[in-house]
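In: Any chance you could fold what I've pasted below:
(one chain, ligands or ions: 1)
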Amino acid sequence: MEIDGTPYRTIWVEEPGKSVGIIDQTKLPHRFETVTLTSMDDAAHAISEMLVRGAPLIGATAAYGMALAVNEDASDAGLAAAYKALYATRPTAVNLRWALDQMQEVLGDLPETDRAAKAWSRAAEICDDDVEISKNIGRHGLKIIEALAAGKATGEPVNILTHCNAGWLATVDWGTATAPIYMAYEKGIDVHVWVDETRPRNQGASLTAWELGRHGVKHTLIADNTGGHLMQHGLVDLCIVGTDRTTATGDVCNKIGTYLKALAAHDNDVPFYVALPSTTIDWTVSDGVREIPIEQRGGTELTRIAGRLADGSVAEVDIAPEGVAVRNDAFDVTPARLVTGLITERGTCPASEEGLRQLFEKS
Ligand code: MRU
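Out: Numbering: from 1, shown residues only. Take a look at the predicted model:
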């Protein structure tokens, strides 16, 4: 997507076969900085410290992490060690495992001397495929927005609420939840996005608001607790969120707070859609609440907050009593019964085993 008119992806090859560029998302929205990854450790650090985040981008970075690892040690033992190190970076997004398996699958049977070239080309394919997948999610989700726009009086926008950042910053390009929004915008449909701030890391405030703004899409930042109230007053036509892991039965695991939005949407008859690439489906899991590992993150994400000072510098301040006990679950599970539909690269289906099987049976 565009940053002030210049097209960008979130990850790219800098020096072919040697290094990879990423946007350091921990610096946004105050500073736009890119970082060069030259080793597997760099890639693992970028994922675990959330310079890159969002399920599809975690997978894409892990794929390049394997390519960087092969440069260092192309042996079977080297591959196994890289797989293990990258797999340990974040526990919830299943795209990580998917991407590592893809790399292992194509590299495992090759002679060591052929592995590097294959690793770089497969990682590039994973990224290109992700862009195509997101575009197709956009095309299918666009139909839902078009239908809502058709029922609107002239001058009234379609109001869409989203949580966290399932935007282009969370994928290689286009985003999942945002792809239909960007496509609607490109088509001249009047769309307006309610952006949940998404405590505690504020991915909505710092990333979604930033990327929508840079691309020119109308949006309004709201506190996490505001969505239900807006729905009660008819100010939300549609919710679209992303997912880090989707069960074979259609439960979705996404950023903490998504479940509460789904409950509010259900109570107010607001359609609640989840946009996902098939790479987030975990076919081995059927009960999301009991089976999906939920990442537990450090307490300082809740007790400290970062912001820009008047002199332009960025600083952190404490906002809770020193030593307070903190629990910081990073994701929650929305049961399939609260989801209106799953928007995938192959079309939109009911959030159910049957719905998913109809689209993906042959995959
Ligand atoms: O902790 P994060 O920022 O990696 O969480 C990201 C999300 O929860 C996204 O909604 C999800 O990965 C879907 S991304 C298209």
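
In: element containing the residue nearest to I319 when sequence neighbours are not counted, please.
Out: The spatially closest residue to I319, leaving aside those adjacent along the chain, is I305, at 5.4 Å (CB to CB, 6 or more residues apart in numbering). Quick note: C-beta positions are derived from backbone N, CA and C, even for glycine. In the assignment (DSSP states H and E), I305 maps to strand 304-308.

In: elements contacting that strand?
Out: Secondary-structure packing of strand 304-308 (3 or more CB pairs under 8 Å, 6 or more residues apart in numbering; DSSP states H and E): strand 314-318.

In: partner strands of the strand it packs on, parallel or antiparallel?
Out: Here strand 314-318 has these sheet partners by DSSP bridges: strand 304-308 (antiparallel).

In: Quick check: mean pLDDT of the strand it pairs with?
Out: Per-residue pLDDT over strand 304-308 has a mean of 95.

In: give the contact list for D109.
Out: Contacts for D109 (CB atoms under 8 Å, 6 or more residues apart in numbering) come out as none.

In: buried sites along the longest helix seen in the chain?
Out: Criterion DSSP state H: the longest helix present in the chain is helix 112-150. For helix 112-150, burial by neighbour count (16 or more other CB atoms under 10 Å) applies to 115-116, 119-120, 122-124, 126-127, 129-131, 133-134, 136-138, 140-142, 144-145, 148-149.

In: Likewise for stretch 345-359?
Out: By neighbour count on 16+ other CB under 10 Å, the buried set for stretch 345-359 is 345-349, 351-352, 355-356, 359.

In: Any stretches of the stretch 51-200 of the chain with poor pLDDT?
Out: Residue ranges of the stretch 51-200 of the chain with pLDDT under 70: none are present.

In: Close to the ligand: what parts of this structure are there?
Out: Counting by CB under 6 Å from any ligand atom, the residues of the chain close to the ligand are 53-56, 93, 164, 166, 170-171, 176, 203, 242-244, 254-255, 330.

In: among those residues, which are in strands?
Out: If you go by DSSP state E, those have 254-255 in strands.

In: Filter the residues of the chain next to the ligand down to the ones in helices?
Out: Those of those lying in helices (DSSP H): 55-56, 203.

In: who's in contact with the strand holding I305?
Out: By CB under 8 Å, 6+ apart, the list of residues contacting strand 304-308 reads 30, 314-319.

In: Stretch 41-51 now?
Out: Against stretch 41-51 from outside (CB under 8 Å, 6+ apart): 20, 22, 24-26, 35-37, 52-53, 58, 61-62, 64-65, 68, 85-86, 88-90, 96, 201.

In: 7 Å - rerun?
Out: 22, 24-26, 35, 37, 52, 58, 61-62, 64-65, 68, 85-86, 89-90 (CB atoms under 7 Å, 6 or more residues apart in numbering).

In: same deal with stretch 345-353?
Out: Under CB under 7 Å, 6+ apart, the answer for stretch 345-353 is 133, 136-137, 140, 248-250, 277-278, 336, 339, 341-342, 355-356, 358-360.

In: how about I281, what does it touch?
Out: 246, 356.

In: can you check the one 10 residues further on too?
Out: By CB under 7 Å, 6+ apart, E291 lies in contact with V285.

In: Just want to check the distance between it and C253.
Out: 10 Å (CB to CB, to the nearest Å).

In: Tell me how many other residues crowd the closest residue to the ligand within the chain.
Out: Of all residues in the chain, G242 sits closest to the ligand, at 2.7 Å by CB to the nearest ligand atom. When counting by other CB atoms under 10 Å, one arrives at 30 neighbours for G242.

In: Name the nearest residue to it, sequence neighbours excluded.
Out: Counting by CB to CB, 6+ apart, the residue nearest G242 is A166, at 2.6 Å.

In: Quick check: the one you found touching T176?
Out: Yes: judged on CB atoms under 7 Å, A166 makes contact with T176 at a distance of 4.8 Å.

In: Could you report the pLDDT at E2?
Out: pLDDT at E2 comes out at 80.

In: quick one: it from Y182, how far?
Out: 10 Å.

In: list residues touching both of these two?
Out: Common neighbours of E2 and Y182 (criterion: CB under 7 Å, 6+ apart): H215.

In: which of the two has more neighbours?
Out: Taking neighbours as other CB under 10 Å, E2 and Y182 compare with Y182 leading, 27 against 13.
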